[in-house]
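1. Have a look at this fold, sequence not included:
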(Lines give C-alpha, C1' and ligand atoms only; values in the text may rest on other atoms or scores of the structure.)
Protein backbone atom coordinates (compact mmCIF):
# COMPACT_ATOMS: atom_id res chain seq x y z
CA UNK A 1 0.00 0.00 0.00
CA UNK A 2 2.73 2.49 0.92
CA UNK A 3 4.60 1.56 -2.22
CA UNK A 4 1.49 2.33 -4.26
CA UNK A 5 1.06 5.75 -2.66
CA UNK A 6 4.71 6.65 -3.17
CA UNK A 7 4.54 5.52 -6.76
CA UNK A 8 1.37 7.50 -7.55
CA UNK A 9 3.20 10.78 -8.14
CA UNK A 10 5.68 9.10 -10.45
CA UNK A 11 2.82 7.55 -12.38
CA UNK A 12 1.28 10.98 -12.97
CA UNK A 13 4.44 12.24 -14.61
CA UNK A 14 4.65 9.08 -16.72
CA UNK A 15 1.06 9.03 -17.99
CA UNK A 16 1.78 10.67 -21.33
CA UNK A 17 4.62 8.30 -21.99
CA UNK A 18 2.53 5.28 -20.97
CA UNK A 19 -0.41 6.36 -23.10
CA UNK A 20 1.81 6.29 -26.16
CA UNK A 21 3.31 2.90 -25.42
CA UNK A 22 2.20 -0.59 -26.31
CA UNK A 23 1.22 -3.01 -23.56
CA UNK A 24 2.44 -6.56 -23.48
CA UNK A 25 -0.64 -7.71 -21.51
CA UNK A 26 -2.71 -9.83 -23.88
CA UNK A 27 -1.78 -7.75 -26.91
CA UNK A 28 -3.71 -4.77 -25.53
CA UNK A 29 -2.81 -1.66 -27.51
CA UNK A 30 -3.01 1.40 -25.28
CA UNK A 31 -2.94 3.79 -28.23
CA UNK A 32 -6.34 2.46 -29.33
CA UNK A 33 -8.10 2.49 -25.98
CA UNK A 34 -11.44 4.27 -25.87
CA UNK A 35 -13.52 3.63 -22.76
CA UNK A 36 -16.53 5.61 -24.01
CA UNK A 37 -19.61 3.55 -24.66
CA UNK A 38 -18.32 0.55 -22.76
CA UNK A 39 -18.59 -1.07 -19.33
CA UNK A 40 -15.97 -0.82 -16.63
CA UNK A 41 -15.82 -3.64 -14.09
CA UNK A 42 -14.31 -2.74 -10.71
CA UNK A 43 -12.73 -5.85 -9.16
CA UNK A 44 -11.72 -5.72 -5.51
CA UNK A 45 -9.02 -8.38 -5.55
CA UNK A 46 -8.19 -9.86 -2.15
CA UNK A 47 -6.20 -7.81 0.31
CA UNK A 48 -5.77 -10.79 2.64
CA UNK A 49 -3.62 -12.65 0.12
CA UNK A 50 -2.15 -9.47 -1.39
CA UNK A 51 -4.10 -9.50 -4.64
CA UNK A 52 -4.65 -5.85 -5.67
CA UNK A 53 -7.85 -4.76 -7.31
CA UNK A 54 -8.22 -4.36 -11.05
CA UNK A 55 -10.22 -2.34 -13.53
CA UNK A 56 -11.50 -4.35 -16.50
CA UNK A 57 -13.07 -2.97 -19.67
CA UNK A 58 -15.83 -4.78 -21.55
CA UNK A 59 -16.56 -3.72 -25.12
CA UNK A 60 -20.13 -4.67 -25.95
CA UNK A 61 -19.64 -3.96 -29.65
CA UNK A 62 -16.64 -6.31 -29.81
CA UNK A 63 -17.88 -8.70 -27.11
CA UNK A 64 -14.38 -8.50 -25.65
CA UNK A 65 -13.17 -8.00 -22.09
CA UNK A 66 -9.79 -6.31 -21.60
CA UNK A 67 -8.28 -7.26 -18.24
CA UNK A 68 -6.39 -4.95 -15.87
CA UNK A 69 -6.68 -1.91 -18.11
CA UNK A 70 -5.64 0.50 -15.35
CA UNK A 71 -2.29 -1.26 -15.09
CA UNK A 72 -2.03 -1.53 -18.87
CA UNK A 73 -2.48 2.23 -19.25
CA UNK A 74 -0.69 3.52 -16.18
CA UNK A 75 1.92 0.91 -15.31
CA UNK A 76 0.76 0.62 -11.68
CA UNK A 77 -1.72 -1.45 -9.71
CA UNK A 78 -5.12 -0.02 -8.90
CA UNK A 79 -4.59 -0.62 -5.18
CA UNK A 80 -6.30 -2.79 -2.57
CA UNK A 81 -10.08 -3.01 -2.11
CA UNK A 82 -11.46 -0.61 -4.75
CA UNK A 83 -15.18 -0.08 -4.14
CA UNK A 84 -16.88 1.54 -7.12
CA UNK A 85 -16.44 4.32 -9.67
CA UNK A 86 -18.43 7.26 -11.02
CA UNK A 87 -18.21 9.60 -14.03
CA UNK A 88 -18.28 13.40 -13.73
CA UNK A 89 -17.49 15.39 -16.85
CA UNK A 90 -14.41 13.95 -18.54
CA UNK A 91 -13.14 12.16 -15.42
CA UNK A 92 -13.74 8.83 -13.72
CA UNK A 93 -13.38 8.75 -9.93
CA UNK A 94 -12.60 5.34 -8.42
CA UNK A 95 -12.79 4.83 -4.65
CA UNK A 96 -9.92 2.68 -3.35
CA UNK A 97 -10.60 1.87 0.30
CA UNK A 98 -7.26 0.59 1.59
CA UNK A 99 -5.31 3.36 -0.13
CA UNK A 100 -7.48 6.14 1.37
CA UNK A 101 -7.85 7.82 -2.00
CA UNK A 102 -9.82 8.44 -5.14
CA UNK A 103 -8.01 7.71 -8.38
CA UNK A 104 -8.99 10.22 -11.04
CA UNK A 105 -8.65 8.97 -14.61
CA UNK A 106 -9.47 10.37 -18.02
CA UNK A 107 -12.86 9.07 -19.15
CA UNK A 108 -11.68 7.98 -22.58
CA UNK A 109 -8.07 6.89 -22.17
CA UNK A 110 -8.21 5.79 -18.50
CA UNK A 111 -4.90 7.62 -17.98
CA UNK A 112 -4.37 8.66 -14.37
CA UNK A 113 -4.57 12.44 -14.02
CA UNK A 114 -4.87 12.95 -10.26
CA UNK A 115 -5.24 11.33 -6.84
CA UNK A 116 -7.45 12.73 -4.08
CA UNK A 117 -6.86 11.80 -0.45
CA UNK A 118 -10.03 10.76 1.43
CA UNK A 119 -10.47 8.61 4.51
CA UNK A 120 -11.64 5.04 3.91
CA UNK A 121 -13.77 5.68 0.82
CA UNK A 122 -16.59 3.13 0.87
CA UNK A 123 -18.65 4.46 -2.04
CA UNK A 124 -18.50 7.34 -4.52
CA UNK A 125 -21.30 9.20 -6.35
CA UNK A 126 -21.71 12.45 -8.26
CA UNK A 127 -24.22 15.07 -9.29
CA UNK A 128 -23.62 17.69 -11.99
CA UNK A 129 -21.11 19.64 -9.88
CA UNK A 130 -19.62 17.60 -7.04
CA UNK A 131 -18.18 14.22 -6.21
CA UNK A 132 -19.50 12.67 -3.00
CA UNK A 133 -17.71 10.01 -0.96
CA UNK A 134 -19.16 7.84 1.81
CA UNK A 135 -16.24 7.51 4.22
CA UNK A 136 -16.20 4.54 6.54
CA UNK A 137 -15.07 6.76 9.44
CA UNK A 138 -18.59 8.19 9.72
CA UNK A 139 -18.58 11.10 7.27
CA UNK A 140 -19.70 12.05 3.79
CA UNK A 141 -17.16 14.11 1.90
CA UNK A 142 -18.18 16.57 -0.83
CA UNK A 143 -15.41 17.38 -3.30
CA UNK A 144 -15.34 20.27 -5.74
CA UNK A 145 -13.39 18.86 -8.69
CA UNK A 146 -12.52 22.31 -9.96
CA UNK A 147 -11.02 23.77 -6.79
CA UNK A 148 -10.19 20.58 -4.93
CA UNK A 149 -12.03 21.87 -1.86
CA UNK A 150 -13.41 19.17 0.46
CA UNK A 151 -16.26 19.46 2.95
CA UNK A 152 -16.98 16.72 5.52
CA UNK A 153 -20.37 16.06 7.08
CA UNK A 154 -20.87 13.66 10.00
CA UNK A 155 -23.64 11.15 9.25
CA UNK A 156 -23.16 8.07 11.45
CA UNK A 157 -21.15 4.86 11.74
CA UNK A 158 -19.96 3.13 8.58
CA UNK A 159 -21.94 4.80 5.77
CA UNK A 160 -22.04 2.24 2.97
CA UNK A 161 -23.99 3.47 -0.06
CA UNK A 162 -24.85 6.68 -1.90
CA UNK A 163 -27.60 7.74 -4.28
CA UNK A 164 -28.45 11.08 -5.90
CA UNK A 165 -32.14 11.75 -6.53
CA UNK A 166 -33.61 15.16 -7.22
CA UNK A 167 -32.15 17.74 -4.84
CA UNK A 168 -30.98 15.17 -2.33
CA UNK A 169 -28.09 12.86 -1.60
CA UNK A 170 -29.10 9.65 0.16
CA UNK A 171 -26.56 7.89 2.41
CA UNK A 172 -27.15 4.44 3.91
CA UNK A 173 -25.86 4.19 7.49
CA UNK A 174 -24.93 0.55 8.07
CA UNK A 175 -23.16 0.53 11.47
CA UNK A 176 -21.53 -2.41 9.76
CA UNK A 177 -18.82 -3.08 12.35
CA UNK A 178 -21.36 -3.43 15.15
CA UNK A 179 -22.51 -6.99 14.52
CA UNK A 180 -22.39 -7.93 18.20
CA UNK A 181 -24.97 -5.20 18.94
CA UNK A 182 -27.10 -6.03 15.88
CA UNK A 183 -26.06 -2.88 13.98
CA UNK A 184 -28.07 -0.82 16.46
CA UNK A 185 -26.75 2.59 15.32
CA UNK A 186 -27.60 2.01 11.67
CA UNK A 187 -31.08 1.07 10.43
CA UNK A 188 -31.41 4.36 8.57
CA UNK A 189 -30.69 6.41 5.51
CA UNK A 190 -29.62 10.04 5.89
CA UNK A 191 -31.11 12.43 3.34
CA UNK A 192 -28.79 15.35 2.68
CA UNK A 193 -29.88 18.59 1.02
CA UNK A 194 -27.34 19.20 -1.72
CA UNK A 195 -28.02 22.95 -1.72
CA UNK A 196 -26.54 23.48 1.76
CA UNK A 197 -24.92 20.07 2.38
CA UNK A 198 -26.78 19.36 5.61
CA UNK A 199 -28.72 16.33 6.82
CA UNK A 200 -32.36 17.18 6.16
CA UNK A 201 -34.02 13.94 7.29
CA UNK A 202 -33.25 10.58 8.89
CA UNK A 203 -35.23 7.77 7.26
CA UNK A 204 -35.71 4.47 9.06
CA UNK A 205 -35.08 1.33 6.97
CA UNK A 206 -34.17 -2.30 7.54
CA UNK A 207 -31.11 -3.88 9.12
CA UNK A 208 -27.61 -3.08 7.81
CA UNK A 209 -28.46 -0.91 4.75
CA UNK A 210 -25.92 -0.77 1.93
CA UNK A 211 -26.21 -0.55 -1.87
CA UNK A 212 -28.74 1.88 -3.36
CA UNK A 213 -30.27 2.50 -6.77
CA UNK A 214 -32.49 5.25 -8.17
CA UNK A 215 -35.48 4.64 -10.45
CA UNK A 216 -36.62 6.94 -13.25
CA UNK A 217 -39.42 8.30 -11.06
CA UNK A 218 -36.94 9.33 -8.35
CA UNK A 219 -37.71 6.53 -5.90
CA UNK A 220 -34.63 5.29 -4.08
CA UNK A 221 -34.13 1.58 -3.46
CA UNK A 222 -31.80 0.42 -0.71
CA UNK A 223 -30.59 -3.12 -0.02
CA UNK A 224 -30.71 -3.94 3.69
CA UNK A 225 -28.27 -6.80 4.09
CA UNK A 226 -29.61 -8.24 7.34
CA UNK A 227 -27.19 -9.97 9.69
CA UNK A 228 -25.96 -12.74 7.35
CA UNK A 229 -27.67 -15.28 9.61
CA UNK A 230 -31.34 -15.29 10.66
CA UNK A 231 -32.23 -11.84 9.26
CA UNK A 232 -32.22 -12.16 5.47
CA UNK A 233 -31.55 -9.35 2.97
CA UNK A 234 -34.41 -7.25 1.71
CA UNK A 235 -34.97 -4.21 -0.50
CA UNK A 236 -36.66 -1.07 0.84
CA UNK A 237 -38.14 1.77 -1.23
CA UNK A 238 -37.86 5.43 -0.25
CA UNK A 239 -40.36 7.72 -1.93
CA UNK A 240 -39.75 11.39 -2.74
CA UNK A 241 -41.58 12.46 0.43
CA UNK A 242 -39.18 10.37 2.52
CA UNK A 243 -41.63 7.58 3.30
CA UNK A 244 -39.83 4.23 3.44
CA UNK A 245 -41.22 0.72 3.46
CA UNK A 246 -40.13 -2.80 2.64
CA UNK A 247 -40.29 -3.52 -1.09
CA UNK A 248 -39.27 -7.18 -1.46
CA UNK A 249 -36.68 -9.79 -0.53
CA UNK A 250 -33.38 -9.17 -2.29
CA UNK A 251 -29.64 -8.73 -2.01
CA UNK A 252 -28.91 -6.77 -5.22
CA UNK A 253 -31.02 -4.19 -7.04
CA UNK A 254 -30.93 -2.29 -10.34
CA UNK A 255 -33.59 0.33 -11.06
CA UNK A 256 -34.50 1.34 -14.62
CA UNK A 257 -37.38 2.82 -16.60
CA UNK A 258 -38.50 -0.73 -17.44
CA UNK A 259 -38.76 -1.71 -13.80
CA UNK A 260 -36.76 -2.79 -10.78
CA UNK A 261 -34.50 -5.81 -11.25
CA UNK A 262 -33.80 -7.72 -8.05
CA UNK A 263 -31.48 -10.63 -7.38
CA UNK A 264 -31.97 -12.44 -4.11
CA UNK A 265 -28.84 -14.44 -3.38
CA UNK A 266 -28.55 -16.01 0.07
CA UNK A 267 -25.64 -18.16 1.23
CA UNK A 268 -25.88 -20.76 3.97
CA UNK A 269 -22.53 -20.65 5.79
CA UNK A 270 -23.42 -23.22 8.45
CA UNK A 271 -20.90 -25.57 6.84
CA UNK A 272 -18.27 -22.95 6.06
CA UNK A 273 -16.16 -25.39 4.04
CA UNK A 274 -19.10 -26.20 1.78
CA UNK A 275 -21.33 -23.09 1.64
CA UNK A 276 -24.49 -23.26 -0.44
CA UNK A 277 -26.03 -20.28 -2.26
CA UNK A 278 -29.65 -20.05 -3.36
CA UNK A 279 -30.37 -17.39 -5.99
CA UNK A 280 -33.54 -16.20 -7.68
CA UNK A 281 -34.42 -13.16 -9.78
CA UNK A 282 -37.49 -10.98 -10.22
CA UNK A 283 -38.64 -7.91 -12.13
CA UNK A 284 -40.94 -5.50 -10.31
CA UNK A 285 -42.96 -2.49 -11.33
CA UNK A 286 -41.91 0.67 -9.44
CA UNK A 287 -45.01 0.36 -7.24
CA UNK A 288 -43.91 -3.08 -6.05
CA UNK A 289 -46.12 -5.19 -8.31
CA UNK A 290 -44.33 -8.35 -9.36
CA UNK A 291 -44.03 -8.33 -13.13
CA UNK A 292 -42.21 -11.63 -13.53
CA UNK A 293 -40.02 -14.17 -11.86
CA UNK A 294 -37.52 -14.74 -14.60
CA UNK A 295 -34.84 -17.39 -14.58
CA UNK A 296 -31.50 -16.28 -15.97
CA UNK A 297 -30.57 -18.83 -18.60
CA UNK A 298 -27.27 -19.37 -16.77
CA UNK A 299 -27.26 -18.57 -13.08
CA UNK A 300 -24.09 -16.86 -11.79
CA UNK A 301 -22.62 -18.85 -8.89
CA UNK A 302 -22.24 -15.93 -6.46
CA UNK A 303 -23.68 -12.63 -7.81
CA UNK A 304 -22.08 -9.45 -6.50
CA UNK A 305 -23.62 -6.66 -8.64
CA UNK A 306 -26.34 -6.12 -11.24
CA UNK A 307 -26.97 -3.26 -13.68
CA UNK A 308 -29.09 -2.53 -16.75
CA UNK A 309 -27.36 -0.60 -19.54
CA UNK A 310 -28.52 3.00 -20.20
CA UNK A 311 -29.90 1.80 -23.52
CA UNK A 312 -31.90 -0.89 -21.63
CA UNK A 313 -30.71 -3.54 -24.07
CA UNK A 314 -28.30 -5.47 -21.86
CA UNK A 315 -28.50 -6.75 -18.29
CA UNK A 316 -25.09 -7.19 -16.66
CA UNK A 317 -24.32 -9.37 -13.65
CA UNK A 318 -20.92 -9.92 -12.08
CA UNK A 319 -20.11 -12.85 -9.84
CA UNK A 320 -17.34 -14.54 -7.91
CA UNK A 321 -15.90 -17.64 -9.56
CA UNK A 322 -17.74 -19.93 -7.14
CA UNK A 323 -19.48 -19.81 -3.77
CA UNK A 324 -16.91 -18.92 -1.13
CA UNK A 325 -14.08 -18.50 -3.67
CA UNK A 326 -12.50 -15.08 -3.16
CA UNK A 327 -9.14 -15.69 -4.85
CA UNK A 328 -10.04 -16.92 -8.35
CA UNK A 329 -10.96 -14.69 -11.30
CA UNK A 330 -14.65 -13.87 -11.35
CA UNK A 331 -17.25 -13.59 -14.11
CA UNK A 332 -19.11 -10.97 -16.11
CA UNK A 333 -22.43 -12.19 -17.51
CA UNK A 334 -24.23 -10.33 -20.27
CA UNK A 335 -27.95 -11.08 -20.64
CA UNK A 336 -30.87 -9.71 -22.58
CA UNK A 337 -33.32 -7.82 -20.33
CA UNK A 338 -35.41 -11.00 -20.40
CA UNK A 339 -32.56 -13.07 -18.97
CA UNK A 340 -31.15 -14.87 -22.02
CA UNK A 341 -27.37 -15.25 -21.82
CA UNK A 342 -25.48 -13.42 -24.56
CA UNK A 343 -21.93 -13.68 -23.27
CA UNK A 344 -19.79 -14.67 -20.29
CA UNK A 345 -16.30 -13.30 -19.71
CA UNK A 346 -13.68 -13.86 -17.03
CA UNK A 347 -12.82 -10.82 -14.91
CA UNK A 348 -10.43 -10.00 -12.12
CA UNK A 349 -10.85 -11.37 -8.60
CA UNK A 350 -14.11 -10.49 -6.82
CA UNK A 351 -15.81 -8.17 -9.33
CA UNK A 352 -17.80 -5.74 -7.24
CA UNK A 353 -19.22 -2.83 -9.26
CA UNK A 354 -20.16 -1.84 -12.81
CA UNK A 355 -19.87 1.57 -14.48
CA UNK A 356 -21.29 2.53 -17.88
CA UNK A 357 -19.20 5.11 -19.73
CA UNK A 358 -20.97 7.02 -22.50
CA UNK A 359 -20.05 9.90 -24.81
CA UNK A 360 -16.75 11.54 -25.55
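-> Now that the structure is in, tell me what you want to look at. Everything numeric in this text was worked out from a predicted model, so none of it was measured. Numbering: from 1, shown residues only.

2. Quick check on residue 167: phi, psi?
-> The phi/psi pair for residue 167 (degrees, to the nearest 10) reads phi -100, psi 10.

3. Mind pulling the model confidence for it?
-> Note on residue 167: pLDDT of 96.

4. Quick one: the strands in the stretch 151-300 of the chain, in order.
-> Counting by DSSP state E, counting those that start in this stretch, residue ranges of the strands within the stretch 151-300 of the chain are 159-165, 168-173, 188-193, 198-204, 209-214, 220-224, 234-238, 244-249, 252-256, 259-268, 276-284, 290-292.

5. Go ahead and name everything in contact with stretch 94-104.
-> With contact meaning C-beta atoms under 8 Å, 6 or more residues apart in numbering, stretch 94-104 is reached by 1, 4-5, 8, 42, 47, 53, 55, 70, 78-85, 91-93, 105, 112-124, 131, 133, 136, 143. Backbone N, C-alpha and C define where each C-beta goes, glycine included.

6. try it again with 7 Å
-> Contact with stretch 94-104 is made by 1, 4-5, 42, 47, 78-85, 91, 93, 112-124, 133, as judged by C-beta atoms under 7 Å, 6 or more residues apart in numbering.

7. From one end of it to the other, what's the distance?
-> Stretch 94-104 stretches 7 Å from its first residue to its last (C-alpha to C-alpha, to the nearest Å).

8. Please apply the same query to stretch 277-291.
-> Stretch 277-291: ends 24 Å apart by C-alpha to C-alpha.

9. Quick one: list the elements packing against whatever helix or strand residue 140 lives in.
-> Secondary structure assignment for residue 140, by DSSP states H and E: strand 139-143. Counting contacts by 3 or more C-beta pairs under 7 Å, 6 or more residues apart in numbering; DSSP states H and E, strand 139-143 packs against strand 131-135, strand 150-154.

10. Let me have the strands of the stretch 151-300 of the chain in TSV, extended by mean neighbour count and distance to residue 326.
-> Below are these laid out as TSV (neighbours: other C-beta atoms under 10 Å; distance: least, C-beta to C-beta, whole Å):
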stretch	mean neighbour count	distance to residue 326
strand 159-165	23	19
strand 168-173	26	23
strand 188-193	21	28
strand 198-204	14	33
strand 209-214	24	18
strand 220-224	27	20
strand 234-238	24	24
strand 244-249	17	24
strand 252-256	23	17
strand 259-268	21	12
strand 276-284	18	13
strand 290-292	12	32
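
11. related to what we said a few turns ago, any idea which of the helices and strands packed on strand 139-143 is most buried?
-> Among these, ranked by average contacts under mean count of other C-beta atoms under 10 Å, first place goes to strand 131-135 (a mean of 25).

12. which residues make contact with that one from outside it?
-> 86, 88, 93, 95, 102, 118-126, 140-143, 145, 159-162, 169, 171.

13. same thing with stretch 214-232?
-> 161, 163-166, 170, 172, 179, 182, 189, 205-213, 233-240, 247, 249-253, 255, 257, 260, 266, 286.

14. Which parts of the chain are helices?
-> Using DSSP state H, the helices of the chain run over residues 2-19, 69-74.

15. Lowest average confidence across these, which one?
-> Lowest mean pLDDT within the helices of the chain: helix 2-19, at a mean of 35.

16. Now the spatially closest residue to residue 322 that is not a sequence neighbour. Its backbone dihedrals?
-> Closest residue to residue 322 in three dimensions, ignoring its sequence neighbours and counting by C-beta to C-beta, 6 or more residues apart in numbering: residue 301, at 5.0 Å. When quoted as degrees, to the nearest 10, the phi and psi of residue 301 stand at phi -70, psi -30.
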